[in-house]
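In: Need coordinates for the below:
(chains A, B, C and D)
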4 protein chains.
Amino acid sequence: MRYRFGCDLSYEVTAPTLFVFNVEAARIPHHRRLSETLTLTPDYARRIHVVPGNDTRYLAINAEPGPFNLHYEASVDLDVLHADPASIAETPVSDLPLEVLPYLLPSRFVSSDRLASFALREFGQLDTGFERVTSICNWICANIDYKRGTSDGETTADESLLLRAGVCRDFSHIAIAFCRALGIPARFVSCYAYGLVPPDFHAIFEAYMGGRWWLFDATRQADLDGLVRIGVGRDAAEIAFCTPFGQMQAGPVNVFIERLDGEGESAPRTTDAVSTDESAPPPEH
Amino acid sequence: MRYRFGCDLSYEVTAPTLFVFNVEAARIPHHRRLSETLTLTPDYARRIHVVPGNDTRYLAINAEPGPFNLHYEASVDLDVLHADPASIAETPVSDLPLEVLPYLLPSRFVSSDRLASFALREFGQLDTGFERVTSICNWICANIDYKRGTSDGETTADESLLLRAGVCRDFSHIAIAFCRALGIPARFVSCYAYGLVPPDFHAIFEAYMGGRWWLFDATRQADLDGLVRIGVGRDAAEIAFCTPFGQMQAGPVNVFIERLDGEGESAPRTTDAVSTDESAPPPEH
Amino acid sequence: MRYRFGCDLSYEVTAPTLFVFNVEAARIPHHRRLSETLTLTPDYARRIHVVPGNDTRYLAINAEPGPFNLHYEASVDLDVLHADPASIAETPVSDLPLEVLPYLLPSRFVSSDRLASFALREFGQLDTGFERVTSICNWICANIDYKRGTSDGETTADESLLLRAGVCRDFSHIAIAFCRALGIPARFVSCYAYGLVPPDFHAIFEAYMGGRWWLFDATRQADLDGLVRIGVGRDAAEIAFCTPFGQMQAGPVNVFIERLDGEGESAPRTTDAVSTDESAPPPEH
Amino acid sequence: MRYRFGCDLSYEVTAPTLFVFNVEAARIPHHRRLSETLTLTPDYARRIHVVPGNDTRYLAINAEPGPFNLHYEASVDLDVLHADPASIAETPVSDLPLEVLPYLLPSRFVSSDRLASFALREFGQLDTGFERVTSICNWICANIDYKRGTSDGETTADESLLLRAGVCRDFSHIAIAFCRALGIPARFVSCYAYGLVPPDFHAIFEAYMGGRWWLFDATRQADLDGLVRIGVGRDAAEIAFCTPFGQMQAGPVNVFIERLDGEGESAPRTTDAVSTDESAPPPEH
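Out: Numbers count the residues shown, from 1 in each chain, chains lettered A, B, ... in the order given. Next comes the predicted model:
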């Protein structure tokens, strides 16, 4: 499927500020890039940092006082791997590639260590595999309210569980905590999400099973095969769309995504397992 | 029913220490006292403080360095009020006697303010009345494991909910938090509990409905009509069986309770509403 | 000194609501009441609850949907006990009257149990007595910023210590926590405060030493001999000026206090120990 | 200087367990390796993972039920870079290499976001540069007690600040939090530490200034020029010496380090700035 997407970000800089942006579509084979423009006004010098191992791209800009705008726009053919959920088994921890082990560790907003007994009690007896992560998403949907304004940039998975409410970042943090506590590597994914209302940057998560990272959206707000990945990280701390160091006021955030190839717009949401990970060959089935 | 109960407490005092004990059976009409002895070795002077309004008795002892023992033993005829749960309605907040309002407020271990949305989401839509508090107890039994060693004297209801485990004090704190968040006054009760295995001081809670405080045991560990009340408070901070100010090592705690009138020992646990509160006439039914 | 003071509170009630107000000057001998009016519009029925033991008065009102206003105005001659700080010794815990022991226990916003080692480390080696509590206030003034908007109604002493900022309630909570951890009973006091800019309900604290409760203001925002006491409690949870149970929007809060006997308006702030507690005879000096 | 060091670790494995060890000296030019042996009993297959970008080496072992021991022993010539602290300026955030930016972000045990105002208030007005980080270490030494048994594997910097006590991991977490909050990249370093009593794995931290990572030990327990680096990470979550996934009991941990070239054993501790980072040329001075 072909998508056009992007964002407009505007700032009023009041003292020299380093901006680190994470808004560009990931440069992965599943994204066949058709067009891409990133415009800065003023046109400050750009530095790019690609995280070794996961392709997340950071764009760093040193901005001077005054208004500053970023416009990003791109189009890609999104080529999503579909698989039968029943075919995807959990990978025993002993068989995990060592480079995914960091995604079993607790992180700033994902206190999987403190939530270990919670996760084991609620999900420890379930059949393992893709369906167990689906059960985690189901539990979160049934137990946590999606409600704007209930969390902020310092809210942890613990706090969201007690509040029983949150937004996409919080849903993902809870899910990631449960997965890690159960020995399933899990990580935070930022993306453009087709079908999200209102349009915004979206946060979902990936769980590593059967030799590959699979996409999950605990909020059920968007189509799993309409997600254009931006970056991945341990949790929201690592992949904010904008991390400023300095002094500025942020203006409104405008995010957009539309489908360019109309056919199938009204297709039902997929119940397949979905992946855009390049790190492994497709599972055999 | 007639019970004999008591405790043996021993300490090795290393610097002059004020002990505040809360171990004597409450002096309430539902307890017809048959015998009572409290022995201190050495026989230090005793000061008694009875909390205005709820009859909780504190015994204060200034102990010198050296061994110090307390032996308490009493027997009572326990005359419990039984009622039909279906007959007990919640009291609208607007009709509550003002002296019970403090039991709607959050306290050290009962963060009912932070758990308001949790409680409303889980129990807000249920039918009100005695059955709603029973539902709270059922939820706690189903979701929290009774497990020794999972909490300590600083554990809050929040923490127990995330850990999904606790002991009687924690079960009571969670239940009290939910009740208060729903507008039902609730308080912590320490007691001797017939049937508790192994014997120990027990913590349960009372909820105020229909003009009276009703007993609940979220742990389901003991018979509701076999509870000899010691004291009540906002939470465990107020009615520890021993609060020492000074320096000492505590020895083992021995608690005992036996039934003196044997008949009916093996009767099933009551499913009635049960109260030993004196503050109101029995509900009409 | 003679003060006129009061408040205007307005609400838009959207569903039947129980309001519990705590705004009237305490009925204590140190307040010689000259005039007092409390006007409700509409003129709903009033219920009064006086807490046994500390004279805090709660006014309970059941309000119907619609606008609701409270106007309170009073004047008193405030007769404050002054004493030489050097004359006031801490009371050993073993000599405390038992009715003040609850003010040694942790409460919702005062986690004196968790802060015990903090308090001992910072203040444990200081000379005991009134000056130690003054040192606590000095430390708080030096280490915590008075900054509006940094806390809310759920902020605890722990959180304020990490944030290094707060308002009068937070300053008082920290001070109370340190006092309790050191074995000095301490409690939260709400008041009208002459000299507070801008005028507002103020929160200070009392510490029990030498047989009497002494006033302290860790914020140093108001004159210690210009405080008209409203109520006391374990912490802010117990003596909010308004605790509503129901649905309403609160309008602006207007608080006022002026001095009626002009002489000495510009006198320097007292460095005396100050008390308006009735529970004990003045200390000998 | 020449050191011999290593460790003996023993486990009783009760179910198949993946062990991830992080005990080998880092393979960096500052460590001229003279000898190195790592013996496993039984001699299980070994997998090695080196973190891209920071040379941390993880050793992964799948162990079967039964006793399992690891013996590690190595000797290196440690060639430490010394510099004049006064010559080392902070690097403005705008000039930081992008690959160090992750070390400005909060992590599991380092809530630098929540501690931002604390850090700014305490250290924001100090002269910048190496001396500011030294001031942070001084503050921690003066305000936090080094006390075994006060923390565990889930303790955060926040909690240590409230407890005013901790061990090396906690001291490092606090220091890292303050540095990050001030815009100074900082990371956790595990090491063998000459002079540490009793011998144990040690945790220190590095701050990035003047184009290089500099070593700091907020505990002041060991010589800065006697530290053999093992690994680095965002915080303790990433570089535990052993992270087991499975079921086992850990036996005693034996760590040793001795100096092989005797001269200068009794030299005073260095007050130089010290680095063993390879990522940059030495600063000019």
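
In: thinking A:Thr91 is in contact with A:Ala207, fair?
Out: No: the criterion here is C-beta atoms under 8 Å, and A:Thr91 misses it with A:Ala207 at 10.1 Å. All C-beta spots, glycine's among them, are computed from the backbone N, C-alpha and C.

In: what ranges do the helices span in the stretch 101-250 of chain A?
Out: Remark: helices assigned in the stretch 101-250 of chain A by DSSP state H, counting those that start in this stretch are A:116-123, A:130-143, A:157-163, A:168-181.

In: B:Ser117 is nearest to which of those helices?
Out: helix A:157-163 (5.8 Å; C-beta to C-beta).

In: and the closest one, what does it pack onto?
Out: In terms of contacts (3 or more C-beta pairs under 8 Å, 6 or more residues apart in numbering or on different chains; DSSP states H and E), helix A:157-163 is packed against helix A:168-181, helix B:116-123, helix B:157-163.

In: so for the longest one, what's the average pLDDT?
Out: Here the mean pLDDT over helix A:168-181 is 98, rounded to a whole number.

In: go on, the second one?
Out: Averaging pLDDT along helix B:116-123 gives 96.

In: Please apply the same query to the shortest one.
Out: Helix B:157-163 shows a mean pLDDT of 97 in the predicted model.

In: Outside of it itself, list whatever touches it.
Out: Residues from elsewhere that reach helix B:157-163 (C-beta atoms under 8 Å, 6 or more residues apart in numbering or on different chains): A:114-115, A:117-118, A:158, A:161-162, B:109-112, B:114-115, B:118, B:144, B:150-151, B:166, B:170-171, B:173-174, B:176-177.

In: Please enumerate the strands of chain A.
Out: When assigned using DSSP state E, the strands of chain A occupy the ranges A:2-21, A:31-41, A:47-50, A:57-63, A:66-78, A:81-83, A:145-146, A:165-166, A:186-193, A:201-209, A:212-216, A:227-233, A:242-259, A:273-275.

In: what's the most buried one of those strands?
Out: strand A:186-193 (a mean of 27; mean count of other C-beta atoms under 10 Å in any protein chain shown).

In: Please name every helix or strand in contact with it.
Out: strand A:2-21, helix A:168-181, strand A:201-209, strand A:227-233, strand A:242-259.

In: is any part of the third one close to chain D?
Out: What it means is strand A:201-209. No: using C-beta under 8 Å from any C-beta of the partner chain, no contact is recorded between strand A:201-209 and chain D, whose separation bottoms out at 13.9 Å.

In: Can you tell me which helices and strands that strand packs against?
Out: Strand A:201-209 packs on helix A:130-143, helix A:168-181, strand A:186-193, strand A:212-216, strand A:227-233, going by 3+ C-beta pairs under 8 Å, 6+ apart.

In: could you redo the last one with a cut-off of 10 Å?
Out: helix A:130-143, helix A:168-181, strand A:186-193, strand A:212-216, strand A:227-233, strand A:242-259, strand A:273-275 (3 or more C-beta pairs under 10 Å, 6 or more residues apart in numbering or on different chains; DSSP states H and E).

In: can you put the ones you listed in a markdown table and add distance to B:Leu104?
Out: Listed next are those as a markdown table, based on distance: least, C-beta to C-beta, whole Å:
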| stretch | distance to B:Leu104 |
| --- | --- |
| helix A:130-143 | 26 |
| helix A:168-181 | 29 |
| strand A:186-193 | 39 |
| strand A:212-216 | 40 |
| strand A:227-233 | 43 |
| strand A:242-259 | 40 |
| strand A:273-275 | 48 |
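
In: Can you tell me which of those is nearest to C:Ala60?
Out: helix A:130-143 (35.9 Å).

In: what residues does chain A put near chain B?
Out: Neighbours of chain B within chain A, by C-beta under 10 Å from any C-beta of the partner chain: A:111, A:114-122, A:143-145, A:147, A:150, A:157-159, A:161-165.

In: what's the spacing between the most centrally placed residue in chain A and chain C?
Out: Compute the mean C-alpha point of chain A, and by C-alpha atoms, centre = their mean the closest residue is A:Val189, 1.8 Å away. A:Val189 sits 31 Å away from chain C, going by C-beta to the nearest C-beta, to the nearest Å.

In: ok, now which ones touch that residue?
Out: Neighbour list for A:Val189: A:26, A:56, A:172, A:176, A:202-206, A:213, A:215-217, A:227, A:229-233, A:239, A:276 [criterion: C-beta atoms under 10 Å, 6 or more residues apart in numbering or on different chains].

In: Residues in a beta bridge with it, which ones?
Out: A:Ile204, A:Val232 (DSSP bridges).

In: okay, and for chain A, where does confidence drop off?
Out: Within chain A, the segments meeting pLDDT under 70 span A:263-267, A:279-285.

In: could you redo the last one with a cut-off of 90?
Out: A:1, A:51-56, A:222-223, A:225, A:261-271, A:276-285 (pLDDT under 90).

In: now that we're looking at A:Ala240, which residues does it contact?
Out: A:20-22, A:153, A:169, A:190, A:201, A:231, A:233, D:105.

In: repeat that for 8 Å
Out: Neighbours of A:Ala240 in contact, by C-beta under 8 Å, 6+ apart: A:22, A:153.

In: same thing with A:Gly124?
Out: Contacts of A:Gly124 (C-beta under 8 Å, 6+ apart): A:Leu182.

In: same check, this time on A:Arg32
Out: A:76-79.

In: My read is that A:Tyr192 contacts A:Val255, right?
Out: Yes: taking C-beta under 8 Å as the definition, A:Tyr192 is a contact partner of A:Val255 at 6.9 Å.

In: tell me, what's touching those two both at once?
Out: With C-beta under 8 Å, 6+ apart as the test, A:Tyr192 and A:Val255 both reach A:5-6, A:201.

In: which of these lies closest to chain D?
Out: Comparing those against chain D with C-beta to the nearest C-beta picks out A:Phe201 as the nearest, at 17.7 Å.

In: was I right about that closest one contacting A:Phe256?
Out: No: A:Phe201 is beyond contact range of A:Phe256, at 11.1 Å (criterion: C-beta under 8 Å).

In: Overlap of the contact sets of the two?
Out: A:Cys7.

In: got the contact list for A:Thr14?
Out: A:65, A:247-249.

In: From A:Val232, how far out is it?
Out: 32 Å (C-beta to C-beta, to the nearest Å).

In: same thing with A:Asp43?
Out: 29 Å.

In: any idea what sits nearest A:Pro29, other than its immediate chain neighbours?
Out: A:Glu278 (5.6 Å; C-beta to C-beta, 6 or more residues apart in numbering or on different chains).

In: Could you give the number of residues near that neighbour?
Out: For A:Glu278, the tally of surrounding residues (other C-beta atoms under 10 Å in any protein chain shown) stands at 14.

In: Equivalent analysis for A:Gly226, please.
Out: Look at A:Gly226: counted by other C-beta under 10 Å, it has 22 neighbours.

In: Make sure it is actually in contact with A:Phe5.
Out: No: contact between A:Gly226 and A:Phe5 fails when scored by C-beta under 8 Å: they sit 9.9 Å apart.

In: what sits in contact with each of these two?
Out: Counting by C-beta under 8 Å, 6+ apart, the residues touching both A:Gly226 and A:Phe5 are A:194, A:257.

In: Could you check how far the residue lying closest to A:Asn54 once chain neighbours are set aside is from chain D?
Out: Spatial nearest neighbour of A:Asn54, excluding adjacent residues (C-beta to C-beta, 6+ apart): A:Val232 at 5.1 Å. According to C-beta to the nearest C-beta, A:Val232 stands 13 Å off from chain D.

In: residues in contact with A:Val232?
Out: Each residue near A:Val232 by C-beta under 8 Å, 6+ apart is listed here: A:54-56, A:187-190, A:206, A:239.

In: And A:Thr219, its phi and psi?
Out: phi -80, psi -20 (degrees, to the nearest 10).

In: Quick check: it touching A:Phe171?
Out: Yes: at 4.8 Å, A:Thr219 counts as touching A:Phe171 under the criterion of C-beta under 8 Å.
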